[in-house]
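# whatever this is, show me its structure:
(2 chains)
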2 protein chains.
Amino acid sequence: MLRHVVLMNWTEAATGEQVAEIARRLRELPAAIPEIRSYQCGDDLGVNPGNANFVVTADFDSVDDYIVYRDHPAHRKVIDELIAPILASRTGAQFSLDG
Amino acid sequence: MLRHVVLMNWTEAATGEQVAEIARRLRELPAAIPEIRSYQCGDDLGVNPGNANFVVTADFDSVDDYIVYRDHPAHRKVIDELIAPILASRTGAQFSLDG
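Numbers count the residues shown, from 1 in each chain, chains lettered A, B, ... in the order given. Down below sits the predicted model:
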């Protein structure tokens, strides 16, 4: 298995409602993309200064399944319509859970 | 529960052996820090250009348990002795898994 991880920072103009809608729509993706084995996302808890604002982690059985998710129209739609307009920066990676 | 996520980039001078040792020592932390509920780390798989080099994800029952890990001598030792010398950049966050 592999885990996909994304850390995002929002622009100053981003509103709480916009971010909440992103979280809601991202959490709907497992229903549309059966390749997703596990999916979590949410706001940083504010424990450490300088943290990213928002996190997505998602697990897949294979790189091919991750790519189905990455390129899936339902996922692209959330990115293009909701995330891109308020995205200041993004860092991501995918790594094996098989250690 | 909460999930701690870190994405790291290494300096040009970093060697594969150094990174492998970091992964090995990080994977020993659950034995020394019982507050860790789940711990994964590894190299980016190279699926997407521009990704971070290395990922750590770790789950905890509470913020307090995460802070025990964050400040634990065994964890600090890996950071100070192995990670800091080859760290180019780091981004992190902690978010609730309770959605």
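# report the contact partners of the residue nearest to A:Met1 when sequence neighbours are not counted.
Counting by Cβ to Cβ, 6 or more residues apart in numbering or on different chains, A:Met1 lies nearest to A:Leu97, which is 4.4 Å off, once chain neighbours are set aside. For every residue, glycine as well, the C-beta is placed using N, CA and C. By Cβ atoms under 8 Å, 6 or more residues apart in numbering or on different chains, the contact list for A:Leu97 reads A:1-3, A:59, B:40, B:42.
# can we see that at 7 Å?
A:1-3, A:59, B:40 (Cβ atoms under 7 Å, 6 or more residues apart in numbering or on different chains).
# so where's the longest helix in chain A?
Assignment by DSSP state H gives helix A:16-27 as the longest helix of chain A.
# other SSEs contacting it?
strand A:36-43, helix A:73-78 (3 or more Cβ pairs under 7 Å, 6 or more residues apart in numbering or on different chains; DSSP states H and E).
# so which bits of that helix are buried?
For helix A:16-27, the neighbour count (16 or more other Cβ atoms under 10 Å in any protein chain shown) marks A:19, A:22-23, A:25-26 as buried.
# what's the burial count for A:Val63?
Using other Cβ atoms under 10 Å in any protein chain shown, A:Val63 is surrounded by 16 other residues.
# so what's the nearest residue to A:Glu21 once chain neighbours are set aside up against?
Distances taken as Cβ to Cβ, 6+ apart place A:Leu82 nearest to A:Glu21, at 6.2 Å, with adjacent residues excluded. Contact partners of A:Leu82, counting by Cβ under 7 Å, 6+ apart, are A:18, A:21-22, A:25.
# same thing but 10 Å
A:18-19, A:21-26 (Cβ atoms under 10 Å, 6 or more residues apart in numbering or on different chains).
# in CSV, list the residues you listed along with pLDDT.
Compiled in CSV, the contacts of A:Leu82 are given as follows (pLDDT from 0 to 100):
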residue, pLDDT
A:Gln18, 98
A:Val19, 98
A:Glu21, 98
A:Ile22, 98
A:Ala23, 98
A:Arg24, 98
A:Arg25, 98
A:Leu26, 98
